[in-house]
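Trainee: Next input, structure requested:
(one chain, ligands or ions: 1)
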Amino acid sequence: MKRNIVKIDEYKCNGCGLCVTACHEGALQLIDGKARLISESYCDGLGDCLPECPTGAIVLEKRETSEYDEEAVKKHMEKSNENLQSKLGQWPCQLKLVPLNACGGILQAVKKALSNSGKMIPWNVVTISTDGRILED
Ligand code: SF4
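Mentor: So this is what the prediction gives:
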């Protein structure tokens, strides 16, 4: 069938992910740093993602494609929501990101605060590079 469906220009896409969160059908995902339409049958062709894109990488085009499948979208979204469930075994959990050159002083302050509190609170310091690699554990 011929209908409206999104088309993504991967050269314009900067991988911000705004379209992914704007898509109510879960039809878009970031794969290798670029937005991709994971299934044509998930895209309803309404274009909620278009105004979110800061680079104009997404357009709607009318082309031959599969029919929009509302049931498949429902199942897909249920599965996606299950995967969003927290796997944390402990709560509360806090992540604090600080610049590398601030670590020494903050680390000492945290150790002292924990020691003064008299409580046994599990904690760990991990150094992460700006591209997300763990440098020091
Ligand atoms: S909103 Fe635009 S630039 Fe951002 S990931 Fe989606 S297509 Fe790429």
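Trainee: so what's the most centrally placed residue in the chain closest to, chain neighbours aside?
Mentor: Centroid-nearest residue in the chain: G17, 6.7 Å away (criterion: Cα atoms, centre = their mean). Distances taken as Cβ to Cβ, 6 or more residues apart in numbering put L30 closest to G17, at 5.3 Å, once the chain neighbours are dropped. Where you see a C-beta, it was placed from the backbone N, CA and C, and this is true even at glycine.
Trainee: now do N124
Mentor: In space, and not counting its chain neighbours, N124 is closest to D137: 7.7 Å by Cβ to Cβ, 6+ apart.
Trainee: before we move on, what about T65?
Mentor: E40 (4.7 Å).
Trainee: Contacts only, for the one you found.
Mentor: By Cβ atoms under 8 Å, 6 or more residues apart in numbering, the contact list for E40 reads I5, T65, S66.
Trainee: Go through the lowest-mean-pLDDT helix or strand in the chain and flag the buried ones.
Mentor: Across the helices and strands of the chain, the lowest-confidence element by mean pLDDT, DSSP states H and E is helix 103-117, at a mean of 73. Residues of helix 103-117 classed as buried: none (neighbour count, 16 or more other Cβ atoms under 10 Å).
Trainee: so Q29 sits right up against I38, yeah?
Mentor: Yes - using Cβ atoms under 8 Å, Q29 is in contact with I38, at 5.1 Å.
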